[in-house]
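# any chance you can model this:
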Amino acid sequence: MIIKIHLNQKEIVFKNLFQFVLDSVVDELSKDPARRFVYVEIAFFWRWWNQQTDQTKELVRNLVSEGRLEFVIAGW
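Next comes the predicted model:
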């Protein structure tokens with residue numbers, strides 16, 4: 001899936017798409033140890049991260065340390 005984002009629509013896209021994607025990915029990874037996910041949009045991850053509970057942050061840290069959630073740095 002290719003998603004085109006216009007600069008003036010980033011806030012809408014974040015709330016409606018990236019937040020849903022990250023919430024879903026973390027939830028699904030926590031349910032199935034065989035799954036892995038690679039994420040690129042670091043700026044959106046940062047915004048999502050700042051809205052998470054300590055419990056969710058710990059879960060994400062564990063997923064990263066297990067190699068089940070990876071980040072490919074493409075720039076900010």
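
# which secondary element of this structure has the worst mean pLDDT?
Sorting the helices and strands of the chain by mean pLDDT, DSSP states H and E puts helix 10-13 at the bottom, at a mean of 60.

# which stretches in this protein count as strands?
All strands of the chain, identified by DSSP state E, fall at 37-39, 69-71.

# now, of these, which is deepest in the fold?
strand 69-71 (a mean of 16; mean count of other Cβ atoms under 10 Å). From N, CA and C alone the C-beta is placed, and that goes for glycine too.

# does anything pack onto it? Which helices or strands?
On a contact count with 3 or more Cβ pairs under 8 Å, 6 or more residues apart in numbering; DSSP states H and E, strand 69-71 meets helix 19-31, strand 37-39, helix 54-65.

# and those: which comes nearest W48?
W48 lies closest, by Cβ to Cβ, to one member of the helices and strands packed on strand 69-71: helix 19-31, at 4.7 Å.
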